[in-house]
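Asks: Test case, fold it:
(chains A, B, C and D)
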Number of protein chains: 2
Amino acid sequence: MPTLRHTPTADTPAPASEGARAILAAAEALFASRGYDAVSMNEIAQTAGASKANIFHHFQSKKALYLEVLRSACSNDSAELLQELEHESGPIIERLQRFVAHHLDSLLRNERSARLIQREVRQSSDDQAKELAQQVFGDNFARLLALITAGQTQGELRADVEPALIAVLLLAGNIFFFDAHRVLRHLPGAGFATDPAGFNRMAMEILLHGIRPQHCPNPTDQS
Amino acid sequence: MPTLRHTPTADTPAPASEGARAILAAAEALFASRGYDAVSMNEIAQTAGASKANIFHHFQSKKALYLEVLRSACSNDSAELLQELEHESGPIIERLQRFVAHHLDSLLRNERSARLIQREVRQSSDDQAKELAQQVFGDNFARLLALITAGQTQGELRADVEPALIAVLLLAGNIFFFDAHRVLRHLPGAGFATDPAGFNRMAMEILLHGIRPQHCPNPTDQS
DNA sequence: GTCTATACACGGATAGAC
DNA sequence: GTCTATCCGTGTATAGAC
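Replies: Here you go, the predicted structure:
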């Protein structure tokens, strides 16, 4: 698969001449829900209300169209979460909590693009992963790390664990929930599978008591 | 996609007449690494050293072959983990720890089958998920739940959280690591991405301090 | 920019000999 | 059980008119 380097200078590299945007939207929906191979150009044309040949006029090939879809999906998903992090005040733990909740919500709301990106993450062997890490996730992950390390220096979080590990555990729960909640629903005792917010609250509660510094209610001091 | 109900009575429903096993093995490798659509019957035949028509002699259709592959992959993956749980003594936390470590190890070692099953979990919308939950994951998940509840009644684990939630968090870390470690490697501060065992140890350490009841080193007792 | 028509290859599946 | 040969649908991509 070709490289997906994106020139970060131009805001709109291809203005997407009206009809092309319809094609892009249709392609995104179809690719995300059924994968690359399972969807045909005929189908995309039909869904977009355009002719198959017109697609090839706007995009060099099927793969080129796919990569274009990927790029737009990535930047959308990321952009939503950027603000939540920095421009806030108050305890960092609360901010983390809100971030995680927002992240899961975003996953579930933009299910299509989320799946699309996940697919790429998983099947990207070799050095494609590096590009993904640097050009797609790098910024947001770094931001999350900064928040966590701030929490550590401020004493809100344990300082004896790698911040990246905390970040990963924070995200892992969300992504697992996103992936598996349909199956989870039918497993014994996993009623929370239908309640993302509740899951988030409880998972965070568990994680926090491992993340925070020893929070011991002093038995001698019970005023 | 057709139902994947498996008669649980017969141990070897179809003895897989020698050549059929080669086909099955080749199909598993190809399906797992590239997905259902991307692999052709021609390719499977070639890899297995058989003719395309011969595949259709042993399996009704491409989809039937796929389901057969799925079934075998599932039972293999599950079977490995079954023993680890019950037939042991000692603190439950330790057993959980060993289970989680073994689980991640199993994922990484059987990458192909693991991916295959994950694919099914994610794209199974509707009631296909129910079958997966009941016929593939049900047993193992129930076992894990039993272990956790035992830990709760024994006082090793906090009793005020849903056991299923603990189970999910235990698994989520592993699966996220399995999915993302290639990308993770290239993110800042995530050096543990190349060290599954280390990741397991640290993640478990974090989780435990949230899971176990308040573990407070008594400051008055320092003999 | 958008269409109709078409070339060309490949994929899944079957027939029938051995 | 295994093969060769073949049918038929569909998918990507192009040519060329409007």
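
Asks: surely residue A:105 meets residue A:178?
Replies: No - using Cβ atoms under 8 Å, residue A:105 makes no contact with residue A:178, being 10.3 Å away. Yep, even glycine has a C-beta here, placed from its N, CA and C like the rest.

Asks: more neighbours, these two?
Replies: residue A:178 (20 against 15; other Cβ atoms under 10 Å in any protein chain shown).

Asks: tell me the contacts of the more buried one?
Replies: By Cβ atoms under 8 Å, 6 or more residues apart in numbering or on different chains, the residues touching residue A:178 are A:104, A:107, A:108, A:111, A:114.

Asks: same deal with residue A:191?
Replies: B:162, B:164.

Asks: Per-residue pLDDT of it, please?
Replies: Predicted confidence (pLDDT) for residue A:191: 93.

Asks: how far away is it from residue B:146?
Replies: According to Cβ to Cβ, to the nearest Å, residue A:191 stands 18 Å off from residue B:146.

Asks: Kindly report the same for residue A:107.
Replies: 31 Å.

Asks: how about the contacts of residue A:178 in JSON lines, adding distance to chain B?
Replies: Converted to JSON lines, these look like this (distance: Cβ to the nearest Cβ, whole Å):
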{"residue": "A:104", "distance to chain B": "12"}
{"residue": "A:107", "distance to chain B": "12"}
{"residue": "A:108", "distance to chain B": "13"}
{"residue": "A:111", "distance to chain B": "10"}
{"residue": "A:114", "distance to chain B": "11"}
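
Asks: By neighbour count, sort out the buried ones in the residues you listed.
Replies: Buried by 16 or more other Cβ atoms under 10 Å in any protein chain shown: A:104, A:107, A:114, out of these.

Asks: Contact partners for the first one?
Replies: Taking Cβ under 8 Å, 6+ apart as the contact definition, residue A:104 lies against A:174, A:177, A:178, A:196, A:199, A:200.

Asks: Not counting its neighbours along the chain, what's nearest the second one?
Replies: Spelled out, that is residue A:177. Closest residue to residue A:177 apart from its sequence neighbours, by Cβ to Cβ, 6 or more residues apart in numbering or on different chains: residue A:199 at 5.7 Å.

Asks: So the one you found sits against residue A:184, correct?
Replies: No - counting by Cβ under 8 Å, residue A:199 does not reach residue A:184; the two are 9.4 Å apart.

Asks: Common neighbours of those two, please.
Replies: Contacts common to residue A:199 and residue A:184, judged by Cβ under 8 Å, 6+ apart, are A:177, A:193.

Asks: Flag every residue of chain A that's near DNA strand C.
Replies: By the rule Cβ under 7 Å from any atom of the strand, the part of chain A lying against DNA strand C is A:17, A:18, A:19, A:20, A:49, A:50, A:51, A:52, A:53, A:54, A:57, A:58.

Asks: Apart from its neighbours in sequence, what residue is nearest the third one?
Replies: Sequence neighbours aside, residue A:50 is the residue nearest to residue A:19 in space, at 5.9 Å (criterion: Cβ to Cβ, 6+ apart).

Asks: The last one now?
Replies: Computed as Cβ to Cβ, 6+ apart, the closest residue to residue A:58 that is not its neighbour in sequence is residue A:20, at 4.4 Å.

Asks: what helix or strand does that neighbour sit in?
Replies: Assessed by DSSP states H and E, residue A:20 sits inside helix A:19-34.

Asks: now check that helix, is it near DNA strand D?
Replies: No - judged by Cβ under 7 Å from any atom of the strand, helix A:19-34 stays clear of DNA strand D, getting no closer than 10.4 Å.

Asks: buried residues in that helix?
Replies: A:19, A:20, A:23, A:24, A:25, A:26, A:27, A:28, A:29, A:30, A:31, A:32.

Asks: One more: stretch A:163-180?
Replies: Quick answer for stretch A:163-180 (16+ other Cβ under 10 Å): A:163-180.

Asks: So which of the residues you listed sit within strands?
Replies: Counting by DSSP state E, the buried residues of stretch A:163-180 place none of their members in strands.

Asks: In helices, which of those appear?
Replies: A:163-180 (DSSP state H).

Asks: which bits of chain A sit near DNA strand D?
Replies: A:39, A:40, A:41, A:42, A:43, A:52, A:53, A:56, A:61, A:62, A:63.

Asks: State the number of residues packed around the last one.
Replies: If I follow you right, that is residue A:63. Neighbour number of residue A:63 under other Cβ under 10 Å is 12.

Asks: Tell me the predicted confidence for it.
Replies: 88.

Asks: before we move on, back to that, can you redo the contacts of residue A:178 as a markdown table with pLDDT, distance to residue A:137 and secondary structure?
Replies: As requested, the contacts of residue A:178 are exported to a markdown table (pLDDT from 0 to 100; distance: Cβ to Cβ, whole Å; DSSP: H, G, I helix; E, B strand; the rest coil):
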| residue | pLDDT | distance to residue A:137 | secondary structure |
| --- | --- | --- | --- |
| A:104 | 93 | 17 | helix |
| A:107 | 90 | 14 | helix |
| A:108 | 92 | 19 | helix |
| A:111 | 84 | 19 | helix |
| A:114 | 87 | 13 | helix |
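
Asks: Turn the residues you listed into CSV, including distance to residue B:93.
Replies: Below are the contacts of residue A:178 laid out as CSV (distance: Cβ to Cβ, whole Å):
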residue, distance to residue B:93
A:104, 28
A:107, 31
A:108, 33
A:111, 36
A:114, 34
